[in-house]
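Participant: curious how this folds, go ahead:
(chains A and B)
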Amino acid sequence: MTACSFPWRPPLAQDWAERLADIEAILADGRAPDYVALKTLANQQLGLREQMRIERLAKKLERAALPNPAFAAVTIGLLGNRTLSYLPDPLAASGLARGLTISSVEAPYDSVASFAFSLADCFGRPLDALLIVLDESAFASKRPILDRTAENDALADAENLATALASAAQEKTGCRAIFATLPGALQVSSADLATPGTSARFRHHVNLMLAEGAMEGRWLLWDQAALASRVGLENWLDPVRYHAAKIPFSVDVCPLAADSIAAVLAAMKGKAARGLVLDLDNTLWGGVIGDDGLAGIRLGQNSPEGEAFVAFQNFILTLRDRGVVLAVCSKNTDEIAREPFRNHSEMVLKEDHVAVFQANWSDKATNIKSIAETLGLGLESLVFIDDNAAERERVRQELPLVSTIEIGEDPSFFIERITQSGLFDHLPLNQEDVSRAESYGGRAAAAEIRATIGNYDDYLTSLEMRMTIAPFDAAGRSRITQLINKSNQFNLTTKRYGEEDVRKMEGDPDLTAWQVRLEDRFAQHGMIGVVIVRADGTEWVIDTWLQSCRVLERGVEKCVMNTLFETAAQAGVKKIRSKYIPTDRNGMVSDFYSRLGFAVVDKDDDGAVTYSCAVTDYEPHRTFIDVCVSK
Amino acid sequence: MSEQQVILDKVTDIIRDLFDEYDGPVTMETTANDVAQWDSLSHVRLMVMIEMELGVRFSTSEMQSFKKLGDLVDAAAKQSG
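Facilitator: Okay, the predicted model is just below:
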């Protein structure tokens, strides 16, 4: 990662430049652009060039001064003892990514003292916030080494300056001051913090003084020091350009600095996230609870990955402690999804912590909408965390206001991505903020689901799915055996076969035994389905039909069924029979065959249902997958 | 094509993108005075973009010595060469 990248944002869209051109054309026409589309465009992993173009676009928008009811407007003053001229453009760009229109008003170079201590008002207008970035040299007092008295005097001077600036901000511009903390110093010794008079020690004390003032509500903080240490002090500073242009930090990191300032402004404007919507499988624990079971999921002591998931859950709990409301959105059977929350000893999150618990097989965008309605929160105040890129894409397409963090695949980095995003930035907390999450209660109730929102077909088309159907072979044998023995939820008959059984099926003329693979533009999903059909005279009988739960609601079953009936027709088969054998795990497919066009023939006392469908009666389903059948 | 020319082409591309209102020629002789948008602020930005895209890093004294685009291209060529 380079210093100025935004790894938590959605990846750069392939047609980014075209979308930018569309918006520029609309602006050139003097019309207001689609602000949600604009936010989506700005909130991506921009490279250097894209960043520059978004900054230019933001400037054009500012000049056009069109009404924008979708964004919150912020006018921010910039005051510093070094040049802050590199901040306004990236600030405007970062604002777009967070739903803010940020316009900056810069004070003349080094007007700190006159603003604080004279009647002069270099802004001459009301502001929404005044960002004050001072470096060590703004605090002029001499601090001889080991002289504690001089150090204490210097700190008292620093506090006086901060207090005077905060009052001047209030009186002259009618707004609160936001002080930047001071980044660390390049240290000579590990003993610098223990040596009165050093820069490191002075900056540390100034930062504590600024923090105390913020806690008392006298001003707000932009924690420049935290960002500088995250990026690394040596990346943060640019001594060449400091001496050439008196910039307090590197131009390279300006977009990142601006984004972090924008996060503070968003929090100030009440635009920070208030709810966290969590996927379960491979997000809160490793593995799939419905297939791997309570003992099989990776959570806690048994693996490094498991430990990472526990750490992530602990982190989520600290977000809840700050007032963030938690919700679950998982494609699962409700009862099965709740099992770890109730019975897994390593599970940190409990049902009590979750305000809304959506575990069902419906589309996630629809579920998130229901969650927002149940909680009474706007979509823009929700953050969605899911390890599955296609699910994130679906939510981005349908609910662009919901923030979907690019969480990655390794749970060890989940916390980092969330903290980097600044989406949960907040002002100094009060008791009311903290009890907010409690006030929603830990009902863990499921919200009512509405009809699927938006155009799902468009989404399926956009996935560019390709399926390969191939007969059983040696190469697929071990994965086929694994799926046959592991799949519990999307498994119609739950028949288990060992590797030797599977080997014997290869090339058996009485069998149609398929391995099904799927890929889309986000991922190679590998083998996601197994179908075994036995010939019985002019009829075929489906012995096994199972699928991985990773790719649900994609029309995979329709596609495979269409192919099965085509193949059957070519083989002169008259009818296909099938069976659903219920277990405590496979309730999700209880109506599988009725949905696909089969009629019930018989019901056993133990709940098993036999179906059949004449080949001439079968009507192919509409699908959105390119299929390749190999013989 | 000489190394200088390769670098100049890349720099030209950046200049066209950064100074989108300028459509005059970009040569080794071009200076900030030729381009209206090229002020002291955008100068720093241009330097950063050139450094990042060419993978070079100019020293304090080099930065100070640039009088025209050709100086910068020569300095970059020296580093990558």
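
Participant: excluding its backbone neighbours, what's nearest the residue of the stretch 51-200 of chain A at minimum distance from chain B?
Facilitator: Closest residue of the stretch 51-200 of chain A to chain B, C-beta to the nearest C-beta: A:S85 (5.5 Å). C-beta here means a position set from N, CA and C on the backbone, and glycine is covered the same way. The shortest distance from A:S85 to any non-neighbouring residue, by C-beta to C-beta, 6 or more residues apart in numbering or on different chains, is to B:L41 (5.5 Å).

Participant: can you count the residues close to the residue of the stretch 51-200 of chain A closest to chain B?
Facilitator: 18 (other C-beta atoms under 10 Å in any protein chain shown).

Participant: ok, it to A:F115 distance?
Facilitator: Separation of A:S85 from A:F115 (C-beta to C-beta, to the nearest Å) stands at 17 Å.

Participant: check A:F6 too.
Facilitator: According to C-beta to C-beta, A:F6 and A:F115 sit 33 Å apart.

Participant: cool, and A:Q482?
Facilitator: With distances taken as C-beta to C-beta, A:Q482 is found 69 Å from A:F115.

Participant: re earlier: my guess is the residue nearest to A:S85 contacts A:Y86, does it?
Facilitator: Yes - checked against C-beta atoms under 8 Å, the pair B:L41 and A:Y86 is within contact range at 7.1 Å.

Participant: neighbour-wise, which of the two wins?
Facilitator: The neighbour comparison of B:L41 against A:Y86 (other C-beta under 10 Å) goes to A:Y86, with 24 against 16.

Participant: for the more buried one, pull up the helix or strand it's in.
Facilitator: Using DSSP states H and E, A:Y86 is not contained in any helix or strand.

Participant: the one 5 residues further on too?
Facilitator: Counting by DSSP H and E, the element that carries A:L91 is helix A:88-97.

Participant: hmm, that helix in reach of chain B?
Facilitator: No - against chain B, helix A:88-97 shows no contacts by C-beta under 8 Å from any C-beta of the partner chain, the least distance being 8.7 Å.

Participant: burial of A:T149, as a residue count?
Facilitator: Around A:T149 there are 10 residues (other C-beta under 10 Å).

Participant: shouldn't it be within a helix?
Facilitator: Yes - according to DSSP: H, G, I helix; E, B strand; the rest coil, A:T149 belongs to a helix.

Participant: let me see the mean pLDDT of the helix or strand hosting A:G529.
Facilitator: Using DSSP H and E, A:G529 sits within strand A:524-536. In this model, strand A:524-536 carries a mean pLDDT of 93.

Participant: now do stretch A:367-382
Facilitator: For stretch A:367-382, the mean pLDDT works out to 94.

Participant: same thing with stretch A:561-572?
Facilitator: Across stretch A:561-572, pLDDT averages out at 95.

Participant: of all the residues in it, which ones are buried?
Facilitator: The neighbour-count check on stretch A:561-572 (16 or more other C-beta atoms under 10 Å in any protein chain shown) flags A:M561, A:N562, A:T563, A:L564, A:F565, A:T567, A:A568 as buried.

Participant: show me what contacts A:A64?
Facilitator: Applying C-beta atoms under 8 Å, 6 or more residues apart in numbering or on different chains to A:A64 gives the contacts A:L27, A:G30.

Participant: 10 Å instead?
Facilitator: Contact analysis of A:A64 by C-beta atoms under 10 Å, 6 or more residues apart in numbering or on different chains lists A:L27, A:A28, A:G30, A:R31, A:A32, A:P33.

Participant: again with B:S61
Facilitator: B:S61 makes contacts with A:V240, as judged by C-beta under 10 Å, 6+ apart.

Participant: tell me where chain B is predicted with low confidence.
Facilitator: Chain B contains residues with pLDDT under 70 at B:81.

Participant: ah, wrong one, I meant the stretch 301-450 of chain A
Facilitator: A:441-443, A:450.

Participant: again, only this time at 90
Facilitator: Scanning the stretch 301-450 of chain A for pLDDT under 90 picks out the ranges A:301-303, A:362, A:376, A:430-450.

Participant: would you map the helices across it?
Facilitator: A:304-321, A:334-343, A:364-375, A:389-398, A:414-421, A:431-434, A:436-439 (DSSP state H, counting those that start in this stretch).

Participant: quick one: contacts of the second one?
Facilitator: Applying C-beta under 10 Å, 6+ apart, the external contacts of helix A:334-343 come out as A:280-281, A:284-285, A:288-291, A:293-294, A:297, A:299, A:328, A:330-333, A:346-354, A:357-360, A:444, A:446, A:488-489, A:584-585, A:587-588.

Participant: switch the cut-off to 6 Å
Facilitator: Applying C-beta atoms under 6 Å, 6 or more residues apart in numbering or on different chains, the contact partners of helix A:334-343 are A:L280, A:I289, A:G290, A:L294, A:S330, A:M347, A:K350, A:E351, A:A359.

Participant: next one: the last one
Facilitator: With contact meaning C-beta under 6 Å, 6+ apart, helix A:436-439 is reached by A:R320, A:G323, A:V325.

Participant: change it to 7 Å
Facilitator: Residues from elsewhere that reach helix A:436-439 (C-beta atoms under 7 Å, 6 or more residues apart in numbering or on different chains): A:R320, A:G323, A:V324, A:V325.

Participant: got the residues of chain B near chain A?
Facilitator: B:D17, B:L18, B:L41, B:V44, B:R45, B:V48, B:M49, B:M52, B:T60, B:M63 (C-beta under 7 Å from any C-beta of the partner chain).

Participant: any quick PyMOL command for the buried ones out of those?
Facilitator: Burial among the residues of chain B next to chain A is assessed by 16+ other C-beta under 10 Å; the matching PyMOL selection reads:
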select buried, chain B and resi 18+41+44+45+48+49+52+63
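
Participant: return the subset of the residues of chain B next to chain A lying in helices.
Facilitator: Those of the residues of chain B next to chain A mapping onto helices are B:D17, B:L18, B:L41, B:V44, B:R45, B:V48, B:M49, B:M52, B:T60, B:M63, per DSSP state H.
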